[in-house]
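# Got a sequence here, can you build the structure:
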Amino acid sequence: MSQPGRYGLPVVSVRVSACVMAHDGTAAPSLAAAERVLREHWGYREFRHVQRRVVVAALQGRDCLAVLPTGGGKSLCYQVPALVLPGLSIVVSPLISLMEDQVGGLRARGVRAGLLSSTLDQTARARTLADARAGRIALLYAAPERLGRLVTELRGVTIARLAIDEAHCISEWGHDFRPHYRAIGRHRRALGTPPTLALTGTATPRTRADMLDVLRLRRPVSVLCSFDRPNLFFAATPVRSEAERLQQTLQLLRSATATAIVYVPTRNRTDGVASVLRRWGIPALPYHAGLPARARTDLLERFVDGRCRVMVATNAFGMGIDKPDVRLVLHLGVPPRPEAYVQEAGRAGRDGKPAQCLMLWTKGDLVLARALAIGRGRRKDGDYRARQAGLDAMRRYVHAVTCRRRVLMRYLGEEGVRCSGCDRCRLQTRSDAIRHPLRMSTPVDYPTLQ
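Here you go, the predicted structure:
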C-alpha cells in the first residue's frame, strides 16, 4: 500500500518472504533463488537488509527508486535479478571505464554480460547485439547516449528490466546533470516501459522527485537509506596560504600509510600537487578528465590494485571505484554542492571501518566554488537557486561552529542525525576510535529511513 515517505515521496511497502508474487499476481522467482545465485557467483551468504528490499521489488516486477550510500552494494541489486528473471536486463551507466570494469568482473564470475560503447569496433558491437537478440547474455551495459539506438536494434527482444546507475544525473536539480540522462524516460517508454530500477548514492529530496517525474515510474517502491556513514569522521580546517595547505597535506599523508584520495578543484592543480608530493617522497599520481582514456584506465587499475597509494584528482575520479580500504579523503578546496562533497567523501571507508574525510580550505576557495557552481547563471532560474542553496550549505559547513555532519544531512533532507564524529562534536567514543581504529573494526551495515 502506498503511503507518504519521509521526504514526501510515495513509499510502497514490500513484504520480504521466501515466496514472491509478481506485480501482475503471477508467481515470481523466489528470494531464495536470488540468494542461491548470490552465493554461487559472488560468495555472499545473503543480501543486506536494504539490498533485499530492492531485490524483492525487482523480482516482483516493480519500479523502484533506491538511494544507497557509497559502499551499499547497489550493483548487486540489478545484477542478481538479471540472472533469475527471464529476458534481457539493460544497465545504463555513465562511464565507459565503469562499464568495462563491471562487465569484466561479471564475466570472471561466470555471468553472461556484454557492453556497447564507443571503444568497441563494429565487429564487436555487432557480436554483442547478436548475443543480446539470441538470449546469450543476461546483462547488457550501455551509455545513456546509446539507449536511443538500442530501441531500434533490440526491437522484438523482451526487456526484463531497465537499471539506471547514477540516476541522479537525470535531474536538472542534481549536482551532476547530464542531458542524455534526461532522455532516458522517453527511451524507456519506447522500449515498452520495462520495470525500472533507478539507483543513486546521493540525491536531495528535490532531485529524487525529479527523477520519479522524468522516468514516470509507476507506484515505485522507494528504498531510501540514511546518508549518514557512522564510520566517517568529518573535519574542515582553514589555512592562510597554499604553502600552509601543502605543508598540512604532507603531514597528513606522512602520518598514515593507508590509501588516500586528494581532491582538487581544477585539472592543473592535480599535476602540481602530485608533483610536489612526489618530491617530498609521497607516491602520488594525478588524475583528471583531460587525460587520454587509456591513461585514465591505467591509473584507475593502479589505484584499485594498490600500486598507487595516493591519487590526486578532480571530481572526474571516483564514480564506481571498487576500492573498499580508502582511509583518507582529503579535499584541498571547497566543492560547490554538498551532494558532490558527500559522494566524494563517501569513497572513504567503504569497508565499514573508520576513515577520515578532511578539508583544507581558504577564503579564495569559496570564490572559486561560486564560479564553478553558478558562473553566469540567471538569478530567476530554478537551477540558479538550487546551485546557490548548495553553495550556501557548503559555506555553512566550513564555517560551522556546531556539528558539521548535521549541516550535510539536513541539506539532503535528513533531520535528527546524531553525530558519530566530526571536529566540532568530537564525541569521546569517536575520538577513541580515531586514535585506536581496531576498537571499531566491525563493518557497518546501513540503516534505512522507512
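# which residues of the stretch 101-250 of the chain fall in helices?
Counting by DSSP state H, counting those that start in this stretch, the stretch 101-250 of the chain forms helices over residues 122-133, 147-153, 179-182, 184-190, 205-215, 242-255, given from the N-terminal end onward.
# Among these, show me which one is buried the most.
Among the helices of the stretch 101-250 of the chain, helix 205-215 has the highest mean neighbour count (mean count of other CB atoms under 10 Å), at a mean of 20. C-beta coordinates here come from the backbone N, C-alpha and C atoms, glycine included.
# Let me see the mean pLDDT of that one.
If you average the pLDDT over helix 205-215, you get 89.
# Stretch 340-348 too?
92.
# so where is the stretch 51-200 of the chain shaky, pLDDT-wise?
Screening the stretch 51-200 of the chain residue by residue with the criterion pLDDT under 70, one finds the ranges 172-177.
# Do a quick rundown of the strands in it.
Counting by DSSP state E, counting those that start in this stretch, residue ranges of the strands within the stretch 51-200 of the chain are 64-67, 88-92, 113-116, 139-142, 159-164, 196-200.
# follow-up on the earlier one: got the helices of the stretch 101-250 of the chain as TSV, with distance to V37 columns?
Below are the helices of the stretch 101-250 of the chain laid out as TSV (distance: least, CB to CB, whole Å):
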stretch	distance to V37
helix 122-133	20
helix 147-153	25
helix 179-182	29
helix 184-190	25
helix 205-215	26
helix 242-255	42
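# And those: which comes nearest L232?
Using CB to CB as the measure, helix 242-255 is the one of the helices of the stretch 101-250 of the chain that comes nearest L232, at 15.7 Å.
# Kindly state the beta-bridge partners for Y263.
Y263 has these beta-bridge partners by DSSP bridges: A313, H331.
# contacting residues for it?
Neighbour list for Y263: 313-315, 317, 329-333, 335, 344 [criterion: CB atoms under 8 Å, 6 or more residues apart in numbering].
# ok, and the closest non-adjacent residue to E100?
L115 (6.8 Å; CB to CB, 6 or more residues apart in numbering).
# so the one you found touches M99, yeah?
Yes. Assessed by CB atoms under 8 Å, L115 is found in contact with M99 at 4.8 Å.
# list the residues that contact both of these two?
Counting by CB under 8 Å, 6+ apart, the residues touching both L115 and M99 are 141-142.
# Name the nearest residue to V151, sequence neighbours excluded.
Nearest non-adjacent residue to V151 (CB to CB, 6+ apart): A190, at 4.4 Å.
# The one you found against R149, yeah?
No. Contact status for A190 versus R149: not in contact, 11.0 Å apart, counting by CB under 8 Å.
# Let me see the contact set for the closest residue in space to E145 that isn't next to it in sequence.
The shortest distance from E145 to any residue that is not its chain neighbour, by CB to CB, 6+ apart, is 4.8 Å, and that residue is H180. Neighbour list for H180: 143-145, 147 [criterion: CB under 8 Å, 6+ apart].
# element containing A260, please.
A260 is part of strand 259-263 when elements are defined by DSSP states H and E.
# Name the next helix or strand downstream of that strand, please.
Taking DSSP H and E as the definition, the helix or strand that follows strand 259-263 towards the C-terminus is helix 267-279.
# Contacts for that following helix next, please.
Looking at helix 267-279 with CB under 8 Å, 6+ apart, the contacting residues turn out to be 246, 249-250, 253, 262, 264, 284-290, 310, 312-314, 332.
# can you give me how far that helix is from the chain middle?
Mean C-alpha position of helix 267-279 versus that of the full chain (CA atoms, centre = their mean, to the nearest Å) differs by 26 Å.
# what's the answer for stretch 239-258, then?
Relative to the chain's own centre, stretch 239-258 is displaced by 27 Å; criterion: CA atoms, centre = their mean.
# ok, back up a step: any chance of the strands of the stretch 51-200 of the chain in a markdown table, plus distance to E414?
Written out in a markdown table, the entries for the strands of the stretch 51-200 of the chain read as follows (distance: least, CB to CB, whole Å):
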| stretch | distance to E414 |
| --- | --- |
| strand 64-67 | 11 |
| strand 88-92 | 27 |
| strand 113-116 | 35 |
| strand 139-142 | 31 |
| strand 159-164 | 23 |
| strand 196-200 | 15 |
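# now the residue lying closest to K363 once chain neighbours are set aside: how far from D365?
The shortest distance from K363 to any non-neighbouring residue, by CB to CB, 6+ apart, is to P238 (7.9 Å). Counting by CB to CB, to the nearest Å, the gap from P238 to D365 is 10 Å.
# Pull out the buried positions in stretch 399-418.
Buried residues in stretch 399-418, defined by neighbour count with 16 or more other CB atoms under 10 Å: 400, 403-414, 417.
# again with stretch 288-308
By neighbour count on 16+ other CB under 10 Å, the buried set for stretch 288-308 is 288, 291, 296-297, 299-300, 303, 308.
# For it, measure first residue to last.
Using CA to CA, to the nearest Å, one end of stretch 288-308 lies 15 Å from the other.
# got it, and stretch 367-386?
Stretch 367-386 end-to-end distance (CA to CA) = 17 Å.
# Stretch 199-212 now?
Start to finish, the residues bounding stretch 199-212 are 11 Å apart (CA to CA).
# next one: stretch 336-356
Across stretch 336-356, the terminal residues are separated by 20 Å (CA to CA).
# for that stretch, the distance to its chain's centre please.
With CA atoms, centre = their mean as the basis, stretch 336-356 stands 10 Å off its chain's centre.
# For A355, which non-adjacent residue is spatially closest?
Excluding its sequence neighbours, the residue lying closest to A355 (CB to CB, 6+ apart) is G349, at 3.1 Å.
# correct me, but that neighbour touches F233?
No. With the criterion set as CB under 8 Å, G349 and F233 do not qualify as a contacting pair; they are 9.1 Å apart.
# Give me the common contacts of the two.
By the contact definition CB under 8 Å, 6+ apart, G349 and F233 are jointly contacted by A355.
# how many neighbours does P230 have?
21 (other CB atoms under 10 Å).
# Quick check: chain neighbours aside, which residue is closest to it?
Computed as CB to CB, 6+ apart, the closest residue to P230 that is not its neighbour in sequence is S420, at 4.0 Å.
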